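Participant: predicted structure and sequence below. I'll ask about it afterward.
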Amino acid sequence: MSSDSVLTPQVSVLVLIPAAGSGSRFGGEIPKQFRQLAGTPVLLRVIERFFTDDVVSQIVVAVAEPLLQNVKQTEKVKFIAGGATRQESVTNAFAAADGDFDVVAVHDAVRPFFKRATFHALIDAAREHGGAFPAAPVTDTIHVVRDEVLVSTPDRVTLAAAQTPQCFRPDVLRATLARAREENFDATDEAGLAARYGFVVRAVPGDATNFKITRPEDLAFAEAHFEELSAP
Ligand code: CTP
Ligand code: MG
């Protein structure tokens, strides 16, 4: 089946998957990215979704160091040791990639339901503008709260929740991660970082299916609605 993309098959994308987190909000013994979702670990579902996409040339997955002895390295899928923070895991994964790529995508290991058409739209936008992220509209009113007191209320129409895959031209992501390292700045996503350093980051409409498995109820929802959610 063809997708909506305008991509030529020559486009070469590197995918970085930070998967070295401990899932403290999820809890339990097994980190959430290794939990079964419809009979297969969440991380494997994510890898497979990228693996079967012709634009993807290489996938580098950052996992907790002790796991490295149990994985099989291949030319297309490499596993490397992650770091203490998500940003460090992404930096390590980027450093381990080999070859030239048109675009680098960073994707959470725990978002198994990203849409291929959105991914391709993000790749197109990153090639044109430098960076792009899937933006989900915010439905709740968001307040800034400090010390249990409401401080201010940003206009909701200016707010967007950041999903992944976040896509960048390689030079943009490289410079962004280097600057963050220099000033010891730790962020929860690369889109925000790139914008902080003056790069253009386009907001591309995200998908309601593309939620992050953060707490046990997210996995329960994913399991219960697996068929509808996993449509490409
Ligand atoms: N991640 C990582 N290395 C870290 C921390 C996080 O690779 N040191 C990854 C997680 O594995 C996940 C992604 O970053 O794929 C998104 O982070 P999040 O949902 O916050 O996962 P965790 O950090 O594992 O969960 P929590 O914040 O609840 O502890
Ligand atoms: Mg975290």
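Facilitator: Great, that's in hand. Ligands and ions are numbered 1, 2, ... in the order given.

Participant: isn't residue 26 up against residue 220?
Facilitator: No: using C-beta atoms under 8 Å, residue 26 makes no contact with residue 220, being 11.4 Å away. C-betas here are computed from N, CA, C, even on glycine.

Participant: higher neighbour count, these two?
Facilitator: residue 26 (20 against 11; other C-beta atoms under 10 Å).

Participant: now the more buried one: phi and psi?
Facilitator: phi -80, psi -40 (degrees, to the nearest 10).

Participant: you'd agree residue 232 is up against residue 114?
Facilitator: No: with contact defined as C-beta under 8 Å, residue 232 does not count as touching residue 114 (9.8 Å).

Participant: the two: which has the busier surroundings?
Facilitator: Taking neighbours as other C-beta under 10 Å, residue 232 and residue 114 compare with residue 114 leading, 24 against 12.

Participant: find the nearest non-adjacent residue to the more buried one, please.
Facilitator: residue 210 (4.8 Å; C-beta to C-beta, 6 or more residues apart in numbering).

Participant: tell me the contacts of that neighbour?
Facilitator: 111, 113-115, 118, 134, 136, 163 (C-beta atoms under 8 Å, 6 or more residues apart in numbering).

Participant: host element of whichever residue of the chain sits closest to ligand 1?
Facilitator: Closest residue of the chain to ligand 1, C-beta to the nearest ligand atom: residue 21 (2.1 Å). Here residue 21, judged by DSSP states H and E, is contained in no helix and no strand.

Participant: who's in contact with it?
Facilitator: Here residue 21 is in contact with 31-33, 82, 86, 89, 109 (C-beta under 8 Å, 6+ apart).

Participant: now residue 42
Facilitator: Applying C-beta under 8 Å, 6+ apart, the residues near residue 42 are 32-36, 109-110, 112, 213, 219.

Participant: around ligand 1, which positions in the chain sit nearby?
Facilitator: For the chain, the residues in contact with ligand 1 (C-beta under 6 Å from any ligand atom) are 18-26, 33, 62, 82-86, 89, 108-110, 212, 214.

Participant: in three-state terms, label residue 179 for me.
Facilitator: Look at residue 179: counting by DSSP: H, G, I helix; E, B strand; the rest coil, its state is helix.

Participant: tell me, how many residues neighbour it?
Facilitator: For residue 179, using other C-beta under 10 Å, the count is 15.

Participant: with adjacent residues omitted, what lies nearest to it?
Facilitator: Residue 179 sits nearest to residue 197 (C-beta to C-beta, 6+ apart), 4.9 Å away.
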